[in-house]
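# Predicted model follows, preceded by the sequence.
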Amino acid sequence: MSSVVAQPLFSFGLRTGVRNSVSFCDENTVVFPCGNTCVCYNTSRRSQRFIPGSEKSQGMHALALSPNRRYLAVSECGERASITVFDLQHEQGRKRKVLTAGESSAEEFVCMAFSHDSKYLIGQTGGPDWTLILWLWEKQKVLATVKTSTSHNPVSQVSFNPHNNTQLCVSGGGVMKLFRYSEGALKQSSSPKVESIFFLCHSWVTEERVIAGTDSGRLLVFESGDLRREINTSGQETDRQVAMKKMKDSDVDEGVSVPRITAILSYSKGFICSFGAGTVCLFEKIQEDGYRRTRDIRIPADSSDLTPAESQLIDTMCLSPSEDTLVLSTDRGQLYSFSLSSLDINKEEPHFEFLSQSFHSKSITGLSVCIRKPLAATSSLDHSVRIWNYETKVLELYKEFPEEALSVALHPTGLFILVGFSDKLRLMNLLIDDIRTFKEFAVRGCRECAFSHGGHMFAAVNGNVIHIYSVTSFENILNLKGHNGKVRGIEWSLDDGRLVSCGMDGAVYEWNAQTGKRESESVLKSCSYTDVSFSSDGKTILAVGTDLTLKEIQDCQVLREVPADEVAHTAVAVSHSGRVVFTGTPRGTVRAMVLTWDDQFLLTAAEDGCLLMWKVVDKEGRGLKSNRQIIQTEEILVTKDMNYSEKMKEISDTFTQQIDSLKTMQQAMKTEMEKQQRENQMSTAEISEKHSEELEKLITEHERFQDLQRESERMQEDFEKQLKDVEEGRVHTVEELKQNYEAKLEEKDQCQEDAQQQIREFKEIRQIEERCSEIKHLKQERQRLLGLIRSLESDIEDLKRTVSGHEKTSQDKDKTICSLKKKNQELEKLKFVLDFQLNEMKNQTEPQQEDIAEKKERIHQLQEELVQIDKSNTQLKLSVSELRLKLRTRDKEMHKEAQKVKDLETHLQRLKADLHNCVGFIQEPKKLKDSMQTIYARYVADGVEQSGVEEEIQRAFCRQRDHLEKTVNGLKTRLAKSAEQHEQVYVKIMKENVGLITEINELRKELLLQRTQVKDYKSQLSVLKKSKRLRPNSEEGTKKGVSA
């Protein structure tokens, strides 16, 4: 049994209610939660690998993928909140670290995030504490904690700044805060007044800018923690400042159709956000601070109008590393994808497609497999019935109904299906592309149904009654009545001759399917059974229920009970080879489980709408060998030809209509084309006219250019003539200058006289120059003095600045003195409060110490009682040993008496032999007489008296033995009663001792806490006293500095 295991192979479903529920591990692999595991799904190979959660986990609450896409953090609920970090590069997702909330009593982490270097991790606990914890996760070291919100303002998302791993952002209901990690603590750097706004998501787009989405459809831009503006979701951004009074006016009440922005994702071109149900908007960056709404991508409507796409809210969005593929998850448990590279190519309205196939969005209520095909059917509270192929791992068929599907059963041939609804039970055909009803049965609220292995009958449950119908005649053959509560499980035997059922009334009945009589029963009212199954040989019954055991029942008796691991079983499945039995538990809430007919696969359906497929293998990894040879078929049902002719007629009509519409469109396009041709001709004529006009203009411009060229040649000739005239004038002026210089030579003599006069004037000028040198020397002296004055002025300015600095320092010192005085007053107040609290603590500890003394006295009394009870036990043991000794002596006497009886019996045998010999002398009287005398002499000499004495001794011995037996029995009963009483008293005393010990430990802890608080208070008082001593010295130092 233990050598057979079930390995997870493939999953169909997405667990809802998990924050950040989908992420890209690489270009082709996404990770998402399913049940109690994380699934890594490769979209190109269509393969999955599983990362299991903790065994005692109550479910996942959030995921976080590191920016290097190597580590996955999983938040799980439980008695204490925990975060498990897995290494995705390991084949099985090796568990790296387990992080806890420390001393906090939080039960869950609502959201998490890695830093951009993947070294740090933050986790936000839930209410009422709402504590943010920062870890250096590889060392499991808590770096800092801070309370981010109150119980009335839940937090929805936390994140690191992608450019700075010391800056964090926290958003939620009335919360938008930035924190910075410095000096070993998380310090709040900004908190805008947004108490009336409920933020659902946010994203960092730059180093300083955060864009946040609200439940009222608003996109708000924060820079450095301050609210700057609002992005207009209609397609244009308003650069106006957002007034705070408008922020306080909540527009949530404008109508029910207000779109909610539940997810925001930044990328290289801008950002992507959800806008209401089923819609994603792309915003591109157009300026340094501006964004423009470019495209909308929608989730397409389903084939059925029962669940429109508009009812799906988007939970999480993620981009592939190349930003080519966008994947999102919805609150209805669906995964969609879209290729962003096709936006520029495809001009049609873009829409999402399923990542793999559609899943159940609500709890699965029924699960069934057939024999002849690798098909499994599931029914769900989302009004749908789905047919899965567990070999190709695809969804073969899917249909939604107006009502909830409560149960499902596949016919062994795989051609029919039985589905239970609240009003009726419907038998349907599985067609190639539809599930069509062809018979209805008046069985209301059928939650359990099953076909027989031959397929000629089926059983359906209505409350506490089991109806058996014929598949061929559709008649109600039998009604099995006997359960007092609702029937929770039914199963046919392999020969279809028997049917077993279990119910909430604690009864397991085995019915004869031919007569309807009850063949065996097992009733245990303390247990409410949830599922039942036959063993592989059909001789025993296996049942599970709320009493935490797996029972094996045969012939109205429970042969064996296998206990569970502190949880109740919810479902049971037995392999057809009889090698292994599988059971489901409430952890993950397994609603149904079934093995395929070749024992190769195990299918389990859970309450979260997930269907998991397991591969059943032995310890060497090989599949189980089946003794049965199963022939699978590929035939399918189709409707009659008449229906196809009608369909063909409908299709031909639609095609003719389309052809007519296309013809009309073609005619309209022809007329449009002719109109375009006329317009083109008119436009060409206008263009030709414009061209001729432009040509004429160009000709005139050319003529004008030629005229200008001739004018330039003429002007060049004129300039050359002017140059010749200038040269002739220069020669004439040179001759005139020569004549002038000759005249000046003649006047030289006269100039000598003028020179002597100039010498005299020169002497006077020399005197003037000497005076000028003196003046210059005086000016230099003046400049030197001016420089000295400037240096002195600068020194004066420096002194003034130093004086002002001293004044400022003195003012600062005065301020520090005032602040120290205020702190002193506050510390005195604190001292008074601490003294008061210390007195209160003493008053509180005094009654606790008295209570401890009382408890100690009580323990002393109980110990004395224990001593007395031990004494009484020793006395009883002594009396028992005495009685045992008496019994041994009586046994010895009885042995002696038995030996005497044996001797008498041998004596009697001898007498009989002698009498027999004496009878031989019956014909001889003399010999007869002699022999009789010898016999008398030998046996009857002392016999009469001895026999009487021996009879009296025997009677006395019997009386004594009876008396001793009665006394021994009485002593045994008294001993048993005293032992029971002693055990009860001992258990009671032990319970009281345990309670007292726990109370003493709690009181010791409280006393230790009080002592530590008292020590802290004393240390604070000593610090206060030291500060008071140091304060006068500091004041004297400051006064000396001021005076200096």
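Here it is on my side, so go on. Numbering: from 1, shown residues only.
# Poorly predicted segments of the stretch 1-150 of the chain, please.
Across the stretch 1-150 of the chain, the ranges flagged by pLDDT under 70 are 1-2, 92-93.
# now the strands for it?
Taking DSSP state E, counting those that start in this stretch to define them, one finds strands in the stretch 1-150 of the chain at 5-12, 23-24, 29-34, 37-42, 47-52, 60-65, 71-76, 82-87, 94-100, 109-114, 120-125, 131-136, 141-147.
# From the contact counts, what lies against the helix or strand encompassing A543?
Using DSSP states H and E, A543 sits within strand 541-545. When contacts are defined as 3 or more Cβ pairs under 8 Å, 6 or more residues apart in numbering; DSSP states H and E, strand 541-545 packs onto strand 498-503, strand 507-512, strand 529-534, strand 549-554, strand 571-574. From N, CA and C alone the C-beta is placed, and that goes for glycine too.
# Touching it from outside, list them.
Here strand 541-545 makes contact (Cβ atoms under 8 Å, 6 or more residues apart in numbering) with 500, 502, 506, 508, 510, 522, 524, 527-535, 550-554, 568-572, 574, 581, 583.
# Can you tell me which of these are classed as buried?
By neighbour count, with 16 or more other Cβ atoms under 10 Å, the contacts of strand 541-545 hold 500, 502, 506, 508, 510, 522, 524, 527-534, 550-553, 568-572, 574, 581, 583 as buried.
# tell me the contacts of the nearest residue to C38 once chain neighbours are set aside?
Nearest residue to C38, sequence neighbours excluded (Cβ to Cβ, 6 or more residues apart in numbering): I51, at 4.2 Å. The contact partners of I51, by Cβ under 8 Å, 6+ apart, come to V31, T37, C38, V39, C40, L72, V74, F86, L88, Q92, G93.
# List just the nearest of the residues you listed to E696.
Lowest distance from E696 to the contacts of I51 (Cβ to Cβ) belongs to V31, with 74.6 Å.
# Could I get the helices and strands packed on strand 541-545 in TSV, plus columns for mean pLDDT and distance to E404?
Output for the helices and strands packed on strand 541-545, formatted as TSV (pLDDT from 0 to 100; distance: least, Cβ to Cβ, whole Å):
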stretch	mean pLDDT	distance to E404
strand 498-503	94	22
strand 507-512	93	27
strand 529-534	92	20
strand 549-554	90	31
strand 571-574	92	20
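# hey, which helix or strand in the chain has the poorest pLDDT?
Lowest mean confidence among the helices and strands of the chain (mean pLDDT, DSSP states H and E): helix 244-248, at a mean of 42.
# I'd like the next helix or strand past that one.
strand 264-267.
# Checking I387 next. Helix, strand or coil?
Put simply, I387 is strand when judged by DSSP: H, G, I helix; E, B strand; the rest coil.
# Look up how far T604 lies from Q658.
From Q658 across to T604, the span is 47 Å (Cβ to Cβ, to the nearest Å).
# who's more crowded, those two?
In this view Q658 and T604 are compared by other Cβ atoms under 10 Å, and T604 has more residues nearby, 25 against 10.
# Could you say which helix or strand holds the more buried one?
For T604, the host element (DSSP H and E) is strand 601-606.
# Quick check: neighbours of that strand in the sheet, parallel or antiparallel?
Next to strand 601-606 in the sheet, as set by DSSP bridges, lie strand 590-595 (antiparallel), strand 611-617 (antiparallel).
# Mind telling me which of these the model trusts least?
The minimum mean pLDDT among those belongs to strand 590-595 (a mean of 88).
# Which neighbouring elements make contact with the helix ranked longest in the chain?
Taking DSSP state H as the criterion, the chain has its longest helix at helix 748-919. Judged by 3+ Cβ pairs under 8 Å, 6+ apart, helix 748-919 is in contact with helix 925-939, helix 943-1043.
# will you turn the helices and strands packed on strand 541-545 into a markdown table that also has distance to R622?
Shown next, in a markdown table, are these (distance: least, Cβ to Cβ, whole Å):
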| stretch | distance to R622 |
| --- | --- |
| strand 498-503 | 32 |
| strand 507-512 | 35 |
| strand 529-534 | 25 |
| strand 549-554 | 26 |
| strand 571-574 | 20 |
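# just to revisit the earlier point, closest one to N165 among the helices and strands packed on helix 748-919?
So among the helices and strands packed on helix 748-919, helix 943-1043 is nearest, using Cβ to Cβ, at 34.0 Å.
# the inter-axis angle of that closest one versus helix 925-939?
If you take axes from the mean of the first three to the mean of the last three Cα atoms, to 10 degrees, helix 943-1043 sits at 30 degrees to helix 925-939.
# by contact count, what packs against helix 943-1043?
Helices and strands touching helix 943-1043, by 3+ Cβ pairs under 8 Å, 6+ apart, are helix 748-919.
# Between helix 943-1043 and the helix it packs on, find me the angle.
If you take the same axes, to 10 degrees, helix 748-919 sits at 170 degrees to helix 943-1043.
# and P350, how many neighbours?
P350 has 17 neighbouring residues, counting by other Cβ under 10 Å.
# contacting residues around it?
If a contact means Cβ under 8 Å, 6+ apart, then P350 has R295, D296, I297, R298, F338, S342, L343 as its contacts.
# which ones are touching the fourth one?
When the contact criterion is Cβ under 8 Å, 6+ apart, the partners of R298 are G278, T279, V280, A309, E349, P350, H351, F352.
# Quick check on it: phi, psi?
Dihedral pair for R298: phi -120, psi 150, per degrees, to the nearest 10.
# Check it and give its pLDDT.
pLDDT, R298: 90.
# beta partners for it?
Counting by DSSP bridges, R298 is bridged to T279, H351.
# Next step: the contacts of P350 restricted to strands.
R295, D296, I297, R298, F338 (DSSP state E).
# of all the residues you listed, which two lie farthest apart?
Pairwise over these, using Cβ to Cβ, the maximum falls at D296 and F338, 11.5 Å.
# the more surrounded of these two?
Between D296 and F338, F338 has the larger neighbour count (other Cβ under 10 Å), namely 20 against 13.
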